[in-house]
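J.: quick one, structure for this:
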Amino acid sequence: MEATVSTTKKQSNFVPMAIVATLFFILGFATWLNGSLMPYLKQILDLTPLQASLILFSFYIAVTFTAVPSAIIIKKIGYKNGMALGMAVMMLAGFLYVPAAKTQVFALFLFAQLVMGIGQTLLQTAVNPYVVRIGPEESAAARVSVMGILNKSAGVLAPMVFTALILSNFTGLVGKDLSQEEIDQMANSLIFPYIGMAMFIGVLALAVKFSPLPELIDDDTQAHEKGMVKAALARPNLALGVLALFVYVAVEVIAGDTIGTFALALGVEKYSVMTSYTMVCMVLGYALGILLIPRVLSQQMALTISAILGCVLTLAIVLGDAQSTMIANALLVPFGGVALPDPLLLIAVLGFANAIVWPAVWPLALSGLGKLTSVGSGLLIMGIAGGAFGPLFWGLASGSDGGAQGQQSAYLVMLPCYLFILFYAIKGHKMTSWK
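T.: Prediction:
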C-alpha cells in the first residue's frame, strides 16, 4: 500500500514539475536575450555603457515595485492563473518591441523592457514556490538546481538564436560607423523574432491556464496582511537572504549580460553570442551541484566555495590582459570560431561560480518560516532587483568614453557582492536573532 501511495505521488508530481520546467525554460530564454539585445542596441543607437546598462535596469527594476503586489495578486487569483497572467504580460511586452524597433526611440525599448520585467516578476513569484513546496524541503536545492539547468540552458540557446536570426545578417559592421540604412535594417530585423516569441508565449499562457496544474494551498490565509512582511523580515536568515540574492543577481547579470558589450568594445564580431559562454558555465555548475549536494558538499559549503571563487575571478578579470587569448584557446573551444580574450573567458567562468548561489540561498533563507513562507518567497523574488543595479554600477564605473579598459576595470564592483555572499554562507544564514 505504501509503495502504491508513493508511486501515485510521484506520478502526480510529474505533470506539475514538467509544466514548471517548461516555464523556467521560457523565463531563461526571455531573460538572457538581454545579453544579446544590450550590445545590439548599443551599436544601433550609439549608446554609452551607462545608457546601455539602462536596458537591463528597466527590465530588472520592475521587481522592486511589483514583487509584493504580484504576491498579493497570486493570493487572490491563484498560482496557476498567476502564471498565465504573467505570460500574458510578457506576450504584450513582446509586441511592444515592434514600435520600438520601427521608431528606434530608446525610451520605447526601455518601456518594452519594463513591461517584460513586470510579466517575468509575476511569473517568477508564482512558479518558484512550486519548486520549493512540491517535494521535501531537504531536497529543494536539488529541484531548484534542475530548474536552474533548464533556465540557463535556455540562456545558452537564446543568444545563439538571436545571432542566427538577426546578427548573422550584419557581419563586418563591428567598429564601423553605420549608415542610416544599415541602422534601419538592423532595427527592423528585431521585429519578426519578437512577434514570434510573443505569439508562442501567448499560446503557452493558454495551455497553462487550462492545464491540470494543481493549486498550491497556503497554510496562512492572511499571509499578506499588515505586519506579516515585518514578521518575516524579523528573521535574519530571510532578511540577509534577500540581500544575498540581491547582490548575487547583480553579479549574475553583470557576468551574463555585460560580456557582450565588453566583447563589442574589444572588437569581437560575434559579440551577441557571448552570453552563451557564461550560460554554459552556469549549466556545468548546476550539474556539478546536483551531483555533489548533499552527497559530498552541504549547501553552506557549496555557497562558501562559490563566493570565494567569485572573489578570485573578479580580481583576475580586472588584472587580466584584455588582448590575450592564451587561456581561452587552452581551455575553451569557441562558438563559431570566436577566440575569447582572457578576461572574457574569466567573465564566462563566473557563471560556474554563480550557479549554486540561487539554489543554495533559497532553502537557507526560507528555512523555519512556516506560515510566512509565501511572504518570504515574495521578498526573495525582490532580490532579483539586483539585476537592475549591478549593471548600472558597472556602467557608471566604466566611464563616459565607453572604452574597453574602463569596462574591464569596472568589473571590480562585483567584489563587495561576493564578499557579502561569503558572509551569508559562513554566518548570515545561521542567525536567528538581530541581537
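J.: mind picking out the helix or strand in this protein with the poorest mean pLDDT?
T.: helix 326-331 (a mean of 58; mean pLDDT, DSSP states H and E).
J.: quick check: what element follows that helix along the chain?
T.: The element immediately downstream of helix 326-331 (helix or strand, assigned by DSSP states H and E) is helix 342-354.
J.: from the contact counts, what lies against that following helix?
T.: When contacts are defined as 3 or more CB pairs under 8 Å, 6 or more residues apart in numbering; DSSP states H and E, helix 342-354 packs onto helix 236-257, helix 259-265, helix 274-292, helix 299-319, helix 326-331. Any C-beta I mention is one placed from the backbone N, CA and C, and that applies to glycine too.
J.: now with 6 Å?
T.: helix 236-257, helix 274-292, helix 299-319, helix 326-331 (3 or more CB pairs under 6 Å, 6 or more residues apart in numbering; DSSP states H and E).
J.: relative to helix 236-257, how tilted is it?
T.: 150 degrees (axes from the mean of the first three to the mean of the last three CA atoms, to 10 degrees).
J.: tell me what angle the following helix or strand past helix 342-354 forms with helix 274-292.
T.: Next helix or strand after helix 342-354 toward the C-terminus (DSSP H and E): helix 357-366. With the same axes, to 10 degrees applied, the angle from helix 357-366 to helix 274-292 works out at 50 degrees.
J.: show me what contacts the residue nearest to Gly395 when sequence neighbours are not counted?
T.: Nearest residue to Gly395, sequence neighbours excluded (CB to CB, 6 or more residues apart in numbering): Ser53, at 3.3 Å. For Ser53, the contacting residues are 391-392, 395, by CB atoms under 6 Å, 6 or more residues apart in numbering.
J.: can you report how many residues neighbour Trp358?
T.: 25 (other CB atoms under 10 Å).
J.: same check on the one 3 residues further on?
T.: Other residues within reach of Val361, judged by other CB under 10 Å, total 29.
J.: show me the contacts for it.
T.: So Val361 contacts 241, 244-245 (CB under 6 Å, 6+ apart).
J.: which ones are touching Val280?
T.: Contacts of Val280 (CB under 6 Å, 6+ apart): Val156.
J.: from Leu157, how far off is it?
T.: Using CB to CB, to the nearest Å, we find Val280 at a distance of 11 Å from Leu157.
J.: same question, Gln323
T.: 30 Å.
J.: which one's more surrounded, the two?
T.: Per other CB under 10 Å, whichever of Gln323 and Leu157 has more neighbours is Leu157, with 16 against 10.
J.: which one of the helices and strands packed on helix 342-354 lies nearest to His429?
T.: helix 236-257 (5.1 Å; CB to CB).
J.: so for the closest one, mean pLDDT?
T.: Mean pLDDT, computed over helix 236-257, is 94.
J.: now that helix and helix 299-319, what's the angle there?
T.: Calculated by the same axes, to 10 degrees, helix 236-257 forms an angle of 40 degrees with helix 299-319.
J.: CA atoms only for helix 236-257 - export them in PDB, please.
T.: Extracted as PDB, the C-alpha positions of helix 236-257 are listed here (Å, rounded to 0.1, in the frame of the first residue of the first chain):
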ATOM      1  CA  PRO A 236      17.700  37.400   9.900                       C
ATOM      2  CA  ASN A 237      18.200  34.300   7.700                       C
ATOM      3  CA  LEU A 238      15.400  35.600   5.400                       C
ATOM      4  CA  ALA A 239      16.300  39.300   5.500                       C
ATOM      5  CA  LEU A 240      20.000  38.600   4.900                       C
ATOM      6  CA  GLY A 241      19.000  36.000   2.300                       C
ATOM      7  CA  VAL A 242      17.100  38.800   0.400                       C
ATOM      8  CA  LEU A 243      20.300  40.900   0.400                       C
ATOM      9  CA  ALA A 244      22.400  37.900  -0.600                       C
ATOM     10  CA  LEU A 245      20.100  37.300  -3.600                       C
ATOM     11  CA  PHE A 246      20.100  41.000  -4.500                       C
ATOM     12  CA  VAL A 247      23.900  41.100  -4.800                       C
ATOM     13  CA  TYR A 248      24.000  37.600  -6.400                       C
ATOM     14  CA  VAL A 249      21.600  38.600  -9.200                       C
ATOM     15  CA  ALA A 250      23.700  41.800  -9.600                       C
ATOM     16  CA  VAL A 251      26.800  39.800 -10.300                       C
ATOM     17  CA  GLU A 252      25.000  37.100 -12.300                       C
ATOM     18  CA  VAL A 253      23.500  39.700 -14.700                       C
ATOM     19  CA  ILE A 254      26.900  41.500 -14.900                       C
ATOM     20  CA  ALA A 255      28.600  38.300 -15.900                       C
ATOM     21  CA  GLY A 256      25.800  37.200 -18.300                       C
ATOM     22  CA  ASP A 257      24.700  40.400 -19.900                       C
END
